[in-house]
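Undergrad: need coordinates for the following:
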Amino acid sequence: MNKTFSLLFYVRNSKKLANGTAPIYLRITIDGKAREMTTKRHIEPERWNSEAQKVNGSSEEVKALNSYLKTLEQEVYETQHQLLKDKTLVTTVGLKNKLLGIDERVKYLLPIFQDHNNKIEALLGQGFASGTLERYKTSLRHTKEFIEWKYMVEDIDIKVIDHSFITEYEFYLRSERKCSNNTTLKYIKNFGKIIRICIANGWIDKNPFANFKVKLKEIERVFLSKEELEAVVTKVFNTKRLGQIRDVFVFSCYTGLAYADVKKLDKSQIAIGIDGEKWIYTNRQKTDTRSNIPILPVAQAILDKYKNDITCINTGKLLPVLSNQKMNEYLKEIATLCEIDKDFTYHTARHTFATTVTLTNGVPIESVSKMLGHKDLKTTQHYAKILDSKVSGDMKLLREKYNTQNLKQNVS
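TA: Numbers count the residues shown, from 1 in each chain. Modelled structure (predicted):
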């Protein structure tokens with residue numbers, strides 16, 4: 001719904017003709033944005049009554065002209081009401097074109113967004129993961145609800161999407177949806193892809209994101225320390241189910257595999273590597289990038305443990321993996337039983353592999369990145385935290401090196 005809507009008839013003296021008459025123009029203003037159109041009528045400027053919005057005089061010619069202007073005014077209001085009835089966002093451009101009978105071939109936002117999501121769904125497993133589709137579905141739902149919340153219409157012409165639309169959308173996500181800073185930016189980023197599609201197709205001329213700047217806040221990633229990981233590995237549980245959940249989680253701690261990749265793991269993904277040892281060869285479900293991971297002894301012991309498990313035999317998978325939601329529920333219980341004061345989830349295993357298992361033990365970050373299946377080293381840096389103990393060990397070696405060079409005597 002528009003907040004302000006006004007009409008103004010006026011004489012444009014700057015376009016006065018040789019006979020002394022000037023054209024009468026109509027200015028339509030909606031929410032502070034104005035558009036002008038000619039009435040195709042001329043009069044002597046001195047005869048115009050700007051306060052009454054009509055021509056002074058009582059002749060039949062004047063009455064006919066004033067009647068014409070009144071009819072035009074009524075037509076504008078009726079057109080506005082029809083657009084509102086059609087659940088269309090009323091803009092000065094759209095209203096003027098409607099009055100002039102111009103076919104705008106309006107492209108609405110939500111069908112474009114839905115078409116994008118349909119294509120992702122059709123390509124699941126061929127470069128797109130189900131998680132990606134779910135994120136875009138949620139983003140579409142938030143966008144639709146925002147349009148209804150802000151503009152009180154069911155959809156919006158992509159041509160009216162501007163910088164104000166983006167900032168208002170951001171505000172909506174933070175205030176109404178209660179999204180965190182980084183979650184808000186992820187939805188904005190998803191929306192940005194739809195805008196790029198519109199720009200690439202020539203449907204819109206200007207990028208509404210041109211002056212939009214926001215910054216992700218770095219989140220402290222949870223991982224298990226060496227002692228905490230050891231406590232989880234050695235803990236004896238009273239129930240078989242907790243033991244299975246622990247084993248699957250620990251397997252990821254020693255391989256770096258994400259939940260989705262462990263769930264689909266089968267014999268075809270295990271092979272002998274260049275070093276004569278067993279490796280995992282898999283494509284990450286999330287990004288379809290290659291991950292080649294040497295199997296460490298702890299991970300191999302877990303695979304051996306479930307070699308004859310009835311669930312694994314029936315599913316053809318190497319490990320008995322429950323739903324991600326169930327895994328996370330049980331992991332909270334495991335954390336309590338192991339007296340670990342951290343709110344960790346299954347994904348914590350991936351961070352533990354990057355930090356505690358590999359990087360802290362001297363594995364170069366480039367190797368860690370390759371095993372995690374990252375395309376960019378910066379992504380790995382978000383996972384892998386260099387601990388003080390690693391810095392201490394590295395500096396100890398450096399300290400010993402300088403001590404052997406006897407350089408102290410030259411500076412003391």
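
Undergrad: how much space between Ile195 and Asp205?
TA: Distance, Ile195 to Asp205, using Cβ to Cβ, to the nearest Å: 12 Å. Backbone N, C-alpha and C define where each C-beta goes, glycine included.

Undergrad: the two: which is more packed in?
TA: For Ile195 versus Asp205, the count of surrounding residues by other Cβ atoms under 10 Å is larger for Ile195: 20 against 8.

Undergrad: for that one, give me its contacts.
TA: By Cβ atoms under 8 Å, 6 or more residues apart in numbering, the residues touching Ile195 are 161, 204, 207-209.

Undergrad: emit the ChimeraX select command for whichever of those are buried.
TA: Buried subset of the contacts of Ile195, written as a ChimeraX selection, criterion 16 or more other Cβ atoms under 10 Å:
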select :161,204,207,208,209
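
Undergrad: in JSON lines: the contacts of Ile195, plus pLDDT and distance to Lys40.
TA: Listed next are the contacts of Ile195 as JSON lines, based on pLDDT from 0 to 100; distance: Cβ to Cβ, whole Å:
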{"residue": "Ile161", "pLDDT": "92", "distance to Lys40": "32"}
{"residue": "Ile204", "pLDDT": "88", "distance to Lys40": "31"}
{"residue": "Asn207", "pLDDT": "92", "distance to Lys40": "37"}
{"residue": "Pro208", "pLDDT": "92", "distance to Lys40": "35"}
{"residue": "Phe209", "pLDDT": "92", "distance to Lys40": "40"}
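
Undergrad: test my guess that Gly273 contacts Pro294.
TA: Yes: counting by Cβ atoms under 8 Å, Pro294 is a contact partner of Gly273 at 6.2 Å.

Undergrad: who touches both of these two?
TA: Residues touching both Gly273 and Pro294 (Cβ under 8 Å, 6+ apart): Trp279.

Undergrad: now the helices for the stretch 301-412 of the chain?
TA: Under the criterion DSSP state H, counting those that start in this stretch, the stretch 301-412 of the chain contains helices at 310-315, 324-337, 348-352, 365-372, 377-383, 388-404, 408-411.

Undergrad: so which of these comes closest to Tyr68?
TA: With Cβ to Cβ, the closest approach to Tyr68 among the helices of the stretch 301-412 of the chain belongs to helix 377-383: 66.0 Å.

Undergrad: follow-up on the earlier one: so of the helices of the stretch 301-412 of the chain, which one's packed in deepest?
TA: helix 348-352 (a mean of 24; mean count of other Cβ atoms under 10 Å).

Undergrad: which other helices and strands contact that one?
TA: Counting contacts by 3 or more Cβ pairs under 8 Å, 6 or more residues apart in numbering; DSSP states H and E, helix 348-352 is packed against helix 240-253.

Undergrad: got the angle between the helix it packs on and helix 324-337?
TA: Interaxial angle, helix 240-253 versus helix 324-337 (axes from the mean of the first three to the mean of the last three Cα atoms, to 10 degrees): 100 degrees.

Undergrad: how far is helix 240-253 from where the chain is centred?
TA: Centroid displacement of helix 240-253 relative to its chain, using Cα atoms, centre = their mean, to the nearest Å, is 32 Å.

Undergrad: before we move on, what about stretch 74-83?
TA: 38 Å.

Undergrad: state the mean pLDDT of it.
TA: Averaging pLDDT along stretch 74-83 yields 89.

Undergrad: now the helices for the stretch 51-200 of the chain?
TA: Secondary structure of the stretch 51-200 of the chain, counting by DSSP H, counting those that start in this stretch: helices at 60-85, 92-100, 109-122, 130-151, 163-175, 181-200.

Undergrad: which strands and helices sit next to the shortest one?
TA: In terms of contacts (3+ Cβ pairs under 8 Å, 6+ apart), helix 92-100 is packed against strand 22-30, strand 33-43, helix 60-85.

Undergrad: next, the buried residues of the longest one.
TA: Spelled out, it's helix 60-85. Under the neighbour-count criterion of 16+ other Cβ under 10 Å, helix 60-85 has 65-66, 69, 72, 76, 79-80, 83 buried.

Undergrad: same deal with the shortest one?
TA: Within strand 22-30, the residues that count as buried by 16+ other Cβ under 10 Å are 22-26, 28, 30.

Undergrad: contacts for that strand?
TA: With Cβ under 8 Å, 6+ apart as the test, strand 22-30 has contacts from 2, 4-13, 15-16, 34-45, 48, 69, 72-73, 76, 90-92, 95-96.
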